[in-house]
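*Asks:* Structure for this input, please:
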Amino acid sequence: MQVYKVGGAVRDRLLGLPVTDIDRVVVGATTEEMLAKGFRPVGADFPVFLHPKTGEEYALARTERKSGRGYGGFTFYASPEVTLEEDLIRRDLTINAMAEDDQLNLTDPYHGQRDLEARILRHVSPAFAEDPLRVLRVARFAARYAGLGFTVADETMDLMRQLSESGELQALTAERSWKEISRALLEDHPQVFIQVLRDCGALKELMPEVDALFGVPQPETHHPEIDTGLHTLSVLEQSALHKQPLTVRWACLLHDLGKGLTPEDEWPRHIAHEHTGLKLIKAVNERFKVPKDCQELALLVGQYHTHGHRALELKASTLLELLQSFDIYRRPQRFEEFIAACEMDARGREGLEQRSYPQADYLRGAAQAAREVAVQPLLEQGFKGPELGEALKRERLKALKIYKDNA
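*Replies:* Next up, the predicted model:
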């Protein structure tokens, strides 16, 4: 029995990056031998075991064969006869197909170290094209390592195009797709993830609503970059630069979907795109079974982001409606995330990345003014039920008018 570290642990050590997750593969062992040593089986599809003391995962070396559609359409074969090289060749990229023993002796049959040095993301074998999830994974790695200068090999991009055109991407489950998408959006360069998906035709298959934004013009006065798709990438880039959470990044990606529905004869204006885009945002949310907090913020940002930009001009009554829509009294964090998404939208414009966004503090101040309206005096005046709600609304409107006059 021989144990090797494989995949990301080897890759990141060679890149000089922190190693967080360690995958181990065991060559020359049977399930019975692992059980006899106290390992606990956990793998549903293939033999994976937890170390009896550390709880770390150890997988038996295995081969795989395509047996159906999608990510799960494979049969696996694990046996003591499976070699390390046979286990490594089933992996996606050469930089993930390296192994090392406890003495850091490297096994690199597919030249992963060479591709690390050349900053190339290259598939290991033609079997890459059997798994549609790898399109998303490669795009995610491109987003992760873009800052180090990594790019996707031309021949790998060709295979990704073939997968995109084959219809195989439609076989991916919502859960697996969202797992890759959400992880990619949290990388340092999430805009690269979207760009790579677009370059290989996968964006059109997975998120046609986002793909449709490219080539759609906007007024140059507000958008020097003009192209709505490029603007979306820039907004996503700003969200990463400012370390925004996943909820904000997801909202940034979807906020302008309505512009993809504007008739060409109305370009470059996009009247009421905030409302026309809501059905598209809902569709994307449902397609990937997006978590509720991400769904809600994306819809609210899509509907109200132009309110955020015009915050200083809004009437007190409109401002109150905006605050009520976000339930700022019970969900203050959601309104803060809305403000963040609006600021990323404002900064995601060519040449305007560093400009100030006074609307942010103005909106925070308005929310605080509304929250400071006390309920107790109204209760003491005898208001209750729906009448209390109306009285509270009137007092909050007064507070916002005062705030607006003094701002």
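
*Asks:* C-alpha only now, for contacts and for neighbours.
*Replies:* Fine.

*Asks:* For stretch 148-161, list the C-alpha coordinates in CSV.
*Replies:* Presented in CSV, the C-alpha positions along stretch 148-161 are these (Å, rounded to 0.1, in the frame of the first residue of the first chain):
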residue,chain,number,x,y,z
LEU,A,148,-0.9,34.7,-11.8
GLY,A,149,-1.2,34.9,-15.5
PHE,A,150,-2.9,31.6,-16.3
THR,A,151,-4.8,31.1,-19.5
VAL,A,152,-6.7,28.2,-21.0
ALA,A,153,-4.9,26.2,-23.7
ASP,A,154,-6.3,26.5,-27.1
GLU,A,155,-6.9,22.8,-27.5
THR,A,156,-8.7,22.7,-24.1
MET,A,157,-10.9,25.6,-25.2
ASP,A,158,-11.7,23.6,-28.3
LEU,A,159,-12.9,20.7,-26.2
MET,A,160,-14.9,23.0,-24.0
ARG,A,161,-16.6,24.4,-27.1
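
*Asks:* buried stuff in that stretch?
*Replies:* 150, 151, 152, 156, 157, 159, 160, 161 (16 or more other CA atoms under 10 Å).

*Asks:* repeat for stretch 169-189
*Replies:* Using 16+ other CA under 10 Å as the burial criterion, the residues of stretch 169-189 that qualify are 169, 172-173, 177-178, 180-182, 184-189.

*Asks:* how long is it end to end?
*Replies:* Distance between the two ends of stretch 169-189: 23 Å, counting by CA to CA, to the nearest Å.

*Asks:* next one: stretch 282-299
*Replies:* Counting by CA to CA, the terminal residues of stretch 282-299 are separated by 7 Å.

*Asks:* got it, and stretch 199-208?
*Replies:* Using CA to CA, the two ends of stretch 199-208 sit 13 Å apart.

*Asks:* just stretch 170-179 next, same as before
*Replies:* Start-to-end, stretch 170-179 (CA to CA) is 16 Å.

*Asks:* Equivalent analysis for stretch 372-392, please.
*Replies:* The straight-line separation of the ends of stretch 372-392 (CA to CA) is 11 Å.

*Asks:* Report the mean confidence score over it.
*Replies:* Here stretch 372-392 scores 90 as its mean pLDDT.

*Asks:* How about residues contacting it?
*Replies:* 395, 396, 399 (CA atoms under 8 Å, 6 or more residues apart in numbering).

*Asks:* burial count for the residue nearest to the second one when sequence neighbours are not counted?
*Replies:* Excluding its sequence neighbours, the residue lying closest to residue 396 (CA to CA, 6 or more residues apart in numbering) is residue 370, at 5.1 Å. The number of residues packed around residue 370, counting by other CA atoms under 10 Å, is 24.

*Asks:* so what's residue 370 up against?
*Replies:* With the criterion set at CA under 8 Å, 6+ apart, residue 370 makes contact with 320, 396, 397, 399, 400.
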